[in-house]
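**Student:** give me a 3D structure for the following:
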Amino acid sequence: MEEYKKNSLSLTGAVSLGTGVMIGAGIFALLGQVAELSGEFFPIAFLVGAIISSFSAYTYIKLSNAYPSAGGIAMYLIKIFGKSAVAASGALLMAFSMIINESLVARTFGSYTLQLFGIDSSSLLVPLLGVGLIIIAFLVNIASNDFIGKSSFVMAIVKIGGISIFAIGALWASGFTFSEVLPSSNISDYPIQNYFGALALSILAYKGFTTITNSGDEIVNPNKNVGRAIIISLLICTIVYLLVAFAVSSNLSIEEIVKAKDYSLAEAAKPAFGKYGLWFTVGIAIIATISGIIASIFAVSRMTTMLTKKDLIPHKHFGMPGKLQKHMLVYVVVIAIILTVFFDLSRIASLGAIFYLVMDIGIQWGVLKNLKAEINANPFIIITAIVLDLIVLGAFLWVKATTDIFIIWVSIISIVLIFIGEKKFIKFKMNNVNE
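**Tutor:** Numbers count the residues shown, from 1 in each chain. Now for the predicted structure:
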C-alpha cells in the first residue's frame, strides 16, 4: 500500500471522501436522534448545524490553504501548539472521534440491512454485520489511493442520487406543500437545552468535512482544492439533509421517527412506496455506510501515521509486516470493532460529538491566539465559532447529565487519560533524545 502520493486525489475525489463520511453517518444514523431531541424542529436543527459548521470550517480552510498536509488536523495542531501534549491530545481526540464515527456507521449498516428481513435493530446481528463491514473497509483501504478515490466518487454519486430520489419521491407521495416546512408545534414543547443538544448531533453529521484535510497534499493543487472541497461538501450535504428531513417528517410522526430512530429513512419509505421503497432505501443506506467507512478509515490512518512519524503517539509493530500506515489501519480497525460491539448508536454518537466539539474548540482557540495573523484569518469569525461550539457543547452535556451520565464520565476520563498519557510519552521521548 502506498503511504503518500502527491496528486493522487482529484477535487471530485476529495469531495467524494468528505460527502462519503458525512452522508454515511449524518443522515442515516443521526436523523432519528436529532428528531428525538428537537421534535418537529429537527429539519431546522440540520440547517442551523450547517451554519455553525461553516463558521468552524472557515478556520480549517485557512489552515489548509497555508499548510496542506497528509497529516491534516494533526499537522495543524502541531503548527498551533508545537510538538506538545496539547497538540497530540487534540489530534488523538479527532482520531478517536473519526473512529467512533466508523462504529456509528457500522452499526447503522447493521440496523438498515436487517430491515430487509424484518429483524429488530436490537438484534445481536447489528454489531456482527457492523464488524463485517469494518473488515471489508479495511481490505479496500489496502488498495491504492486512486482506487479509493474512484470508488468513493462512484458511490457518492449513487447514494446522493438515490437519497435525492427517495426524498423527492417521498415528498411528492405525501402531497408535501411549502406550508409543511414550518413546524406546527410550539418551540416550548421541549427544554431549550434539548434543541442545543440536537445541534451537537447535527454538527457531528457535518464534521466529515475534516476528513478532507487529512488527505492534504495528496489532493491536486491542495492550497486551493482542499478549501473548495470542504465548501462543496458542506453545500451538498446541507441540501441532501434538508430534503431527507422534510421527506421523513412528511411521512412519519415524531413518535414514529423516534421509535425507528436507528432506521428512520427505511421506515419513512414504507408509507410512501411500500416494500419496494423499503428495499431501495435500504440499498442506498448500505452503499452510503460502506463508502462512509472506507473514506473515514482512509483519512484517520493517514493522520495517525503522521502523529507516529512526529513521535507524538506510541507505536509497536507487534510483528506485523509492511509499512507504518498499514499498521495504523489495523489499530484503527480493531478499536472501531470494539466500539461497534460494546456501544449502541446513541452512546457512540454522543461520545463522538463531545470529542469533536472539544477538539474543535481547541483548534479555534489556538488559531485565534497563535496563528490568526500568519494565516490571515478573521478573528470575529473564529470567536463566533468558539462561542457557538461552547454553547452547543454545554447544552449537550446538560442533556446527557440528566439522561446518560455514564457517557459524560467516559468522555471526561478518556480525555484526561489521553492528555496524561501524551504528556508522559512526550516527556519520555525528550529524555531519550537528551540522553
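
**Student:** neighbours of I405, how many?
**Tutor:** Other residues lying near I405 total 10 when counted by other C-beta atoms under 10 Å. The way it works is simple: take the backbone N, C-alpha and C, and place the C-beta from them, glycine included.

**Student:** ok, now how distant is it from L397?
**Tutor:** Distance, I405 to L397, by C-beta to C-beta, to the nearest Å: 10 Å.

**Student:** can you map out the helices along the stretch 151-300 of the chain?
**Tutor:** For the stretch 151-300 of the chain, the helices defined by DSSP state H, counting those that start in this stretch occupy 192-206, 209-213, 222-251, 254-259, 264-309.

**Student:** so for the second one, what's the average pLDDT?
**Tutor:** Average pLDDT, helix 209-213: 80.

**Student:** what's that helix packed up against?
**Tutor:** Judged by 3 or more C-beta pairs under 8 Å, 6 or more residues apart in numbering; DSSP states H and E, the packing partners of helix 209-213 are helix 11-38, helix 42-66, helix 73-81, helix 222-251, helix 264-309.

**Student:** show me which residues of stretch 374-393 are buried.
**Tutor:** The neighbour-count check on stretch 374-393 (16 or more other C-beta atoms under 10 Å) flags 375, 377, 381-382, 384-386, 388-389, 392-393 as buried.

**Student:** tabulate the helices of the stretch 151-300 of the chain (JSON lines), appending distance to A349.
**Tutor:** Below are those laid out as JSON lines (distance: least, C-beta to C-beta, whole Å):
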{"stretch": "helix 192-206", "distance to A349": "6"}
{"stretch": "helix 209-213", "distance to A349": "17"}
{"stretch": "helix 222-251", "distance to A349": "15"}
{"stretch": "helix 254-259", "distance to A349": "14"}
{"stretch": "helix 264-309", "distance to A349": "14"}
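
**Student:** which of those sits most buried?
**Tutor:** Burial of the helices of the stretch 151-300 of the chain is given as mean neighbour count (mean count of other C-beta atoms under 10 Å); helix 209-213 ranks first at a mean of 30.

**Student:** what's in contact with that one?
**Tutor:** Contact with helix 209-213 is made by 14-15, 17-18, 20-22, 53, 57, 60, 63-64, 72-73, 76, 94, 98, 219, 226, 229-230, 233-234, 295-296, 298-299, as judged by C-beta atoms under 8 Å, 6 or more residues apart in numbering.

**Student:** any figure for the gap between A260 and D120?
**Tutor:** According to C-beta to C-beta, A260 and D120 sit 10 Å apart.

**Student:** and those two? which has more neighbours close in?
**Tutor:** Per other C-beta under 10 Å, whichever of A260 and D120 has more neighbours is A260, with 20 against 12.

**Student:** how about the more buried one, what does it touch?
**Tutor:** Counting by C-beta under 8 Å, 6+ apart, A260 touches 32, 252, 266-267.

**Student:** torsion angles phi and psi at it?
**Tutor:** The phi and psi values for A260, taken as degrees, to the nearest 10, are phi -110, psi 40.

**Student:** pLDDT at it, what is it?
**Tutor:** 85.

**Student:** I'd like the distance between it and A266.
**Tutor:** Going from A260 to A266 by C-beta to C-beta gives 8 Å.

**Student:** quick one: average pLDDT of stretch 174-186?
**Tutor:** 62.

**Student:** please read the previous query as pertaining to stretch 63-76.
**Tutor:** Here the average pLDDT along stretch 63-76 is 77.

**Student:** got the contact list for it?
**Tutor:** Stretch 63-76 has contacts (C-beta under 8 Å, 6+ apart) with 4, 60, 78-79, 87, 90-91, 94-95, 210, 212-219, 222-224, 226-227, 230, 299, 302-307, 310, 312, 359, 363, 367, 371, 374-375.

**Student:** please produce CSV containing the helices and strands packed on helix 209-213, extended by distance to S164.
**Tutor:** As requested, the helices and strands packed on helix 209-213 are exported to CSV (distance: least, C-beta to C-beta, whole Å):
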stretch, distance to S164
helix 11-38, 11
helix 42-66, 15
helix 73-81, 30
helix 222-251, 6
helix 264-309, 10
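
**Student:** for E422, find the nearest of these.
**Tutor:** Among these, helix 264-309 comes nearest to E422, with 9.9 Å by C-beta to C-beta.

**Student:** between that closest one and helix 73-81, how many degrees?
**Tutor:** Interaxial angle, helix 264-309 versus helix 73-81 (axes from the mean of the first three to the mean of the last three C-alpha atoms, to 10 degrees): 60 degrees.

**Student:** can you name the element that comes right after helix 264-309?
**Tutor:** Counting by DSSP states H and E, the next helix or strand C-terminal to helix 264-309 is helix 324-342.

**Student:** starting at the chain centroid, how far to that following helix?
**Tutor:** Distance of helix 324-342 from its chain centroid, counting by C-alpha atoms, centre = their mean, to the nearest Å, is 16 Å.

**Student:** show me what counts as buried in it.
**Tutor:** Within helix 324-342, the residues that count as buried by 16+ other C-beta under 10 Å are 324-329, 331-333, 335-337, 339-341.

**Student:** pick out the most distant pair among those.
**Tutor:** Greatest spatial distance among the buried residues of helix 324-342 (C-beta to C-beta): L324 and V341, at 26.5 Å.

**Student:** low-confidence stretches in the stretch 101-250 of the chain?
**Tutor:** Scanning the stretch 101-250 of the chain for pLDDT under 70 picks out 143-153, 176-186, 188, 214-217.

**Student:** and stretch 116-125, end to end?
**Tutor:** From its first residue to its last, stretch 116-125 covers 13 Å (C-alpha to C-alpha, to the nearest Å).

**Student:** stretch 251-260 too?
**Tutor:** Stretch 251-260: ends 13 Å apart by C-alpha to C-alpha.

**Student:** of the buried residues of stretch 374-393, which is the nearest to I192?
**Tutor:** I192 has its nearest neighbour among the buried residues of stretch 374-393 in V392, at 12.0 Å by C-beta to C-beta.

**Student:** distance of I413 relative to F419?
**Tutor:** I413 sits 11 Å away from F419, going by C-beta to C-beta.

**Student:** got it, and E40?
**Tutor:** For E40, the distance to F419 (C-beta to C-beta) stands at 41 Å.

**Student:** with G72 instead?
**Tutor:** 21 Å.

**Student:** same question, I230
**Tutor:** Distance from I230 to F419, by C-beta to C-beta: 28 Å.

**Student:** can you pull the pLDDT of the residue lying closest to A269 once chain neighbours are set aside?
**Tutor:** Computed as C-beta to C-beta, 6 or more residues apart in numbering, the closest residue to A269 that is not its neighbour in sequence is G277, at 3.7 Å. pLDDT for G277: 81.
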